[in-house]
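Novice: A predicted structure for the sequence below; I have some questions about it.
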Amino acid sequence: MFTGLIEATGRIEAITAWGGADGAASARQIRVSAALGAELAPGDSIAVSGICLTVMAADSSGFEAIVSPETLRVTTLRGMTEGRLVNLERPLRADARFGGHFVLGHVDALGRVTRCEPDGECYWLEVETPGQLSNLIIPKVSIAIDGISLTIASLSGPRVGVQIVPFTYDHTSLREAGVGDSVNLEADVIGKYVARQLHHEHAPR
C-alpha cells in the first residue's frame, strides 16, 4: 500500500524486451536511474508513477523491474520512452505517519492532460478521464494521478481539475507534464468498495 506522497523522481534509463522463449517477448524490463535505488533490494515493491512494480535488481544508481504484458496494456508504461521522468514511492511502513490517501498502485485507467499552467503562485492541472471512472470521481475526494495523491477541486463532465502547490510541482514529474500527455489514474479505493456494495444491493435478485 502507498500514500501518494512521492519520495523521489527518477528517469527511465533503458527499456528492453524480456522473456519469451520463442523470441517474441511481450514483457519489458525497465531500468530507472534514481538515488533511491540504494535503499531498495530485490523483491521490494515500488510505485513507478502510480504503478506497483517489483524490484528485480538494485544498486546505488537505480533499479530494474519487469513490466508484464497486462501492465503494459493498461498503463502509461506502454508508451514511455527512455529519458522520461517518473515518480517513485516505496510502500507505507506500518509504523509511519499516514499522509495522502490509500493508494494501491493498481491503475484503473489512463487519463489525458488537457491543461497544465500557472495559477497564481500554484499550478492548475486538468485531466480528461474515461467514462468508467465517472461513478468514482466526485469533488473534494482524492485521486492518484501518476501516483500523486491529489484532491479533486473541480469536475466538469469527464474533466477533473486539481490545484498543484509549488512543492508538489517541483518534486514530481508534473514539472515536465504537457497537454496531451497520458497519465495513470487510480480512484479512491474506499469509493470503489462503496460503489461495489451499492451495485450488489440494487442488483436484481
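Specialist: Yes, it's here.
Novice: where does Glu82 fall, phi/psi-wise?
Specialist: phi -60, psi 140 (degrees, to the nearest 10).
Novice: how many residues are close by it?
Specialist: Glu82 has 11 neighbouring residues, counting by other C-beta atoms under 10 Å. (Glycine included, C-beta is placed from N, CA and C.)
Novice: again, but for the one 3 residues further on
Specialist: The tally of other residues near Leu85 (other C-beta under 10 Å) stands at 16.
Novice: for it, which non-adjacent residue is closest in space?
Specialist: Nearest residue to Leu85, sequence neighbours excluded (C-beta to C-beta, 6 or more residues apart in numbering): Ser173, at 4.5 Å.
Novice: which residues touch the one you found?
Specialist: 9, 49, 85-87, 146 (C-beta atoms under 8 Å, 6 or more residues apart in numbering).
Novice: keep only those of these that are in strands.
Specialist: Among these, DSSP state E puts 9, 85-87 in strands.
Novice: hey, where'd the strands end up in this structure?
Specialist: Listed in chain order, the strands of the chain (DSSP E) span 8-18, 27-33, 45-48, 51-59, 62-67, 85-89, 109-119, 122-128, 142-145, 148-156, 159-164, 182-187.
Novice: next one: phi and psi at the most centrally placed residue in the chain?
Specialist: With distances taken as C-alpha atoms, centre = their mean, the residue of the chain nearest its centroid is Gly50 (2.0 Å). As for Gly50, its main-chain torsions (degrees, to the nearest 10) stand at phi 90, psi 0.
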